[in-house]
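Student: task: produce atomic coordinates for the following.
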Amino acid sequence: MASSRATWWQSAVVYQIYPRSFCDASGDGIGDLAGIVARLDHLRQLGVDVLWLSPMFPSPQDDAGYDISDYTDVDPVFGSLADFDQLLDEVHRRGMKLVLDLVVNHTSDEHPWFQQSRRGPGDPKRDWYWWRGPRPGMAAGAPGAEPTNWGSAFSGSAWQFDEASGEYYLHLFSRKQPDLNWENPEVRAAVYAMMRWWLDRGVDGFRMDVINMISKDPRLPDGPIRAGGHGDGSPFYICGPRIHEFLQEMNREVFAGRQAQLLTVGEMPGVTVEQARLFTDPDRHEVDMVFQFEHVQLDQGIDKFHPTGFRLVDLKASFGRWQAGLADVGWNSLYWNNHDQPRVVSRFGDDSEQYRVLSAKMLATVLHLHRGTPYVYQGEELGMTNAVFSGISDFRDIESLNYYAAAVAGDGSRQPVVGDPLEDQAPTPAPASSGPGSTPEDSEVLAALRRMSRDNARTPMQWTAGDHAGFSSAEPWIGVNPNYRRINAEAELADPDSVYHHYRKLIALRHGHSIVARGDFSMLLPQDEQVYAFTRRLGSEVWLVLGNFTGADAAVGLPDASDWAPAELLLGNYPAVADSTSLLLRPWECRVYRRAAHQD
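Tutor: As a prediction, this is how the structure comes out:
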């Protein structure tokens with residue numbers, strides 16, 4: 001039985017904005033805050049309730065802003081604090097909320113805290129980060145002298161040698177992203193003060209980047225050796241020994257006593273259902289919901305660039321486990337896309353001209369009608385697809401550039417982090433012969449990048465069929481997908497049968513029917529390899545949700561199929577059929593039926 005405790009965000013829909021790629025008002029080819037303001041009515045008309053803004057803080061941009069050098073300002077490339085205040089006012093004026101990305105597992109190495117920490121062992125802020133000497137008996141800086149064997153997220157050691165002090169600092173991600181030492185109460189106090197500063201300014205909460213990594217086993221012991229020769233340290237920093245204590249303290253120090261309706265979302269690589277129940281139990285006062293990554297790793301092998309193929313039964317098993325696990329305690333986040341994932345219509349759907357619209361609508365319908373809070377990533381509501389990258393010079397993301405350089409060089413040192421590939425090492429320059437298809441190995445690597453690169457999510461938002469897709473008056477920082485002339489917001493708003501208007505209908509269902517947020521969930525046909533089917537039930541009402549994940553007709557083998565013949569068809573992506581008793585789904589078809597529960 002679903003929990004009866006209802007909160008405002010259970011009926012909300014969140015929309016993620018990646019500022020660099022959303023809209024450019026200044027004409028420099030890079031999205032900015034003023035550009036977001038100019039497009040807010042698009043989001044209001046869509047019906048979303050909350051905007052999540054990816055980092056817009058001052059940053060050297062080593063990892064697209066997830067390396068922050070000042071937590072209480074705006075990077076000039078995006079505008080100013082005055083621009084932010086205007087954005088916040090305009091968001092609130094339209095009845096929406098705004099949450100910020102909170103990146104506090106690490107800072108930039110150019111943050112003043114780290115600059116001071118780097119002065120030496122005697123500095124008051126030395127212990128704000130994880131500094132260690134070399135292994136006993138080894139010379140500092142020598143190969144293998146790193147304090148532990150941990151590998152960083154994408155290549156090499158997680159330790160960077162600092163020649164001036166003869167010690168190493170820990171960086172689970174890029175060498176320019178040193179990890180904060182949350183064991184130090186001064187660090188926690190400074191983070192909480194910063195969070196209060198933003199809340200006092202009027203923001204409505206935080207999406208917390210890799211927040212389950214902030215507690216580390218202070219011993220920092222060696223981990224089991226994995227491919228490439230480095231150790232897996234994740235058992236000692238994924239949901240570490242004090243993580244619940246830290247999040248509960250954060251809640252007391254930052255959120256307790258505030259009357260505003262706030263939202264906290266914890267991004268948690270490697271989190272289990274059992275751990276998520278603890279994190280999201282409202283009586284424990286930690287976070288409202290978590291992002292988990294199980295479903296977006298189902299098609300991956302040793303890493304995201306080695307796909308194993310997508311199996312619908314695996315997706316149903318994963319989603320079903322999370323739906324059941326958080327049914328009575330806690331809450332799910334629902335998403336297909338974000339700034340780190342390729343476009344879902346190209347990944348789990350069919351982005352051909354024939355089926356793109358149908359499969360985009362089906363994927364949205366299946367996701368949004370689960371129990372949880374849906375997240376829409378910019379352009380998803382248009383059915384935007386993966387991009388066209390002809391060669392390595394078209395890519396911008398340092399994860400992709402690093403992977404390419406290591407792969408074509410035959411370097412096996414790349415280290416995937418348990419959970420989710422988020423932050424990276426500084427990019428290694430690509431080999432000179434990096435044109436498309438230079439060698440068989442080159443072609444294979446580029447094919448993998450085209451499928452899974454984070455740049456697929458970061459190409460400019462497609463607003464119009466005009467120059468640069470209406471994103472900017474100048475050449476954008478990354479190439480626009482060439483299909484913008486037929487896939488763009490202007491065209492979608494004018495077409496009542498578009499992907500955009502289907503998203504509007506889904507969001508309206510959530511707002512207008514409490515069964516979507518509060519109803520019980522029951523998975524049906526768990527072994528069916530074509531059809532995703534489930535019911536939602538609340539009081540005297542039951543809904544049946546069907547989705548065909550293939551380009552062929554699919555018969556829905558429900559034992560009570562005939563009982564749904566008189567049911568009301570609430571939503572679909574095809575014209576209604578006269579005879580629904582057979583429940584035969586056409587390619588990529590979705591249907592949502594409603595009837596009285598007493599007919600069961």
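Student: which sections of the stretch 501-600 of the chain are below the confidence cut-off?
Tutor: By pLDDT under 70, the low-scoring segments of the stretch 501-600 of the chain are 578-581, 598-600.
Student: what are the boundaries of the strands in it?
Tutor: 520-524, 531-538, 541-548, 554-555, 568-572, 584-585, 590-596 (DSSP state E, counting those that start in this stretch).
Student: the third one to strand 531-538, inter-axis angle?
Tutor: Interaxial angle of strand 541-548 relative to strand 531-538 (axes from the mean of the first three to the mean of the last three Cα atoms, to 10 degrees): 170 degrees.
Student: by contact count, what packs against strand 541-548?
Tutor: Here strand 541-548 touches helix 356-368, strand 531-538, strand 584-585, strand 590-596, going by 3 or more Cβ pairs under 8 Å, 6 or more residues apart in numbering; DSSP states H and E. To be clear about C-beta, it is placed using only N, CA and C from the backbone, and glycine gets the same treatment.
Student: strands of the stretch 301-450 of the chain, start to end?
Tutor: 333-334, 373-377.
Student: which one of the strands of the stretch 501-600 of the chain is the most hemmed in?
Tutor: strand 541-548 (a mean of 24; mean count of other Cβ atoms under 10 Å).
Student: residues contacting that one, please?
Tutor: 362-363, 365-366, 369, 515, 519, 530-537, 554, 556, 564, 567, 570, 583, 585-597, 600 (Cβ atoms under 8 Å, 6 or more residues apart in numbering).
Student: which residues of the chain score low on pLDDT?
Tutor: 1-6, 154, 227-228, 411-441, 578-581, 598-600.
Student: so what's F22 closest to, chain neighbours aside?
Tutor: G31 (4.5 Å; Cβ to Cβ, 6 or more residues apart in numbering).
Student: quick one: closest of the strands of the stretch 301-450 of the chain to Q462.
Tutor: strand 373-377 (13.4 Å; Cβ to Cβ).
Student: that closest one pairs with which strands?
Tutor: Applying DSSP bridges, strand 373-377 is found paired with strand 14-17 (parallel), strand 333-334 (parallel).
Student: what is the neighbour count of R252?
Tutor: 12 (other Cβ atoms under 10 Å).
Student: repeat for S318
Tutor: 17.
Student: that one: what's it in contact with?
Tutor: Here S318 is in contact with 294-295, 298 (Cβ under 8 Å, 6+ apart).
Student: and S582, by the same measure?
Tutor: Neighbours of S582 in contact, by Cβ under 8 Å, 6+ apart: 555, 561.
Student: try the one 5 residues further on
Tutor: Applying Cβ under 8 Å, 6+ apart to P587 gives the contacts 355, 358, 548, 550-553.
Student: put the buried members of these into a ChimeraX selection.
Tutor: Of these, the buried ones go into a single ChimeraX selection, burial set by 16 or more other Cβ atoms under 10 Å:
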select :355,358,548,550,551
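Student: distance to V265 for the contacts of P587 - can I get that in a markdown table?
Tutor: Shown next, in a markdown table, are the contacts of P587 (distance: Cβ to Cβ, whole Å):
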| residue | distance to V265 |
| --- | --- |
| Y355 | 32 |
| L358 | 31 |
| N548 | 31 |
| T550 | 33 |
| G551 | 34 |
| A552 | 37 |
| D553 | 39 |
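Student: please, which helix or strand holds the closest residue to L180 other than its chain neighbours?
Tutor: Excluding its sequence neighbours, the residue lying closest to L180 (Cβ to Cβ, 6+ apart) is V187, at 5.3 Å. Assessed by DSSP states H and E, V187 sits inside helix 185-201.
Student: which SSE is immediately downstream of that helix?
Tutor: Next element after helix 185-201 (DSSP H and E): strand 205-208.
Student: what does that following strand contact?
Tutor: For strand 205-208, using Cβ under 8 Å, 6+ apart, the contacting residues are 52, 97, 99-102, 104, 195, 198, 262-267, 287, 291.
Student: what do you get for stretch 485-502?
Tutor: Residues contacting stretch 485-502 (Cβ under 8 Å, 6+ apart): 42, 45-46, 356-357, 360-361, 364-365, 381-385, 461-465, 469-470, 481, 573.
Student: in PyMOL, select just the buried ones from those.
Tutor: Selection of the buried residues among these in PyMOL, burial being defined by 16+ other Cβ under 10 Å:
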select buried, resi 42+46+356+357+360+361+364+365+381+382+383+384+385+461+462+463+469+470+481+573
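Student: in helices, which of the contacts of stretch 485-502 appear?
Tutor: Counting by DSSP state H, these place 42, 45-46, 356-357, 360-361, 364-365 in helices.
Student: check the residues you listed and tell me the two furthest apart.
Tutor: That would be Q45 and R356, which, of these, are the farthest apart (Cβ to Cβ) at 22.0 Å.
Student: leaving out sequence neighbours, find the closest residue to the most centrally placed residue in the chain.
Tutor: Nearest residue to the geometric centre of the chain (Cα atoms, centre = their mean): N338, 4.0 Å. With Cβ to Cβ, 6+ apart as the criterion, N338 has its nearest non-adjacent residue at 5.1 Å, and that residue is Y377.
Student: hmm, back to that, turn the helices and strands packed on strand 541-548 into TSV, columns for distance to G27.
Tutor: Below are the helices and strands packed on strand 541-548 laid out as TSV (distance: least, Cβ to Cβ, whole Å):
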stretch	distance to G27
helix 356-368	31
strand 531-538	44
strand 584-585	47
strand 590-596	41
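Student: for W52, pull up the helix or strand it's in.
Tutor: Using DSSP H and E, the element containing W52 is strand 50-53.
Student: relative to P235, how far out is P224?
Tutor: Plainly put, P224 is 8 Å away from P235 if you go by Cβ to Cβ, to the nearest Å.
Student: which one's more surrounded, those two?
Tutor: Taking other Cβ under 10 Å, P224 and P235 do not tie; P235 has more neighbours (15 against 10).
Student: you'd agree that one is in a helix?
Tutor: Yes. Under DSSP: H, G, I helix; E, B strand; the rest coil, P235 falls within a helix.
Student: so what's the residue count around the residue nearest to it when sequence neighbours are not counted?
Tutor: Spatially, and ignoring its direct neighbours in sequence, P235 is nearest to G223 (6.4 Å; Cβ to Cβ, 6+ apart). The tally of other residues near G223 (other Cβ under 10 Å) stands at 19.
Student: quick one: which of the strands of the stretch 501-600 of the chain is nearest R258?
Tutor: Nearest to R258, of these and by Cβ to Cβ, is strand 531-538 at 30.6 Å.
Student: the closest one to strand 590-596, inter-axis angle?
Tutor: 30 degrees.
Student: strands paired with strand 531-538, and their directions?
Tutor: strand 520-524 (antiparallel), strand 541-548 (antiparallel).
Student: using TSV, lay out those together with distance to S400.
Tutor: Formatted as TSV, those follow (distance: least, Cβ to Cβ, whole Å):
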stretch	distance to S400
strand 520-524	36
strand 541-548	31
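Student: tell me the helices in the stretch 251-400 of the chain, going along the chain?
Tutor: 273-280, 312-325, 344-347, 356-368, 398-408 (DSSP state H, counting those that start in this stretch).
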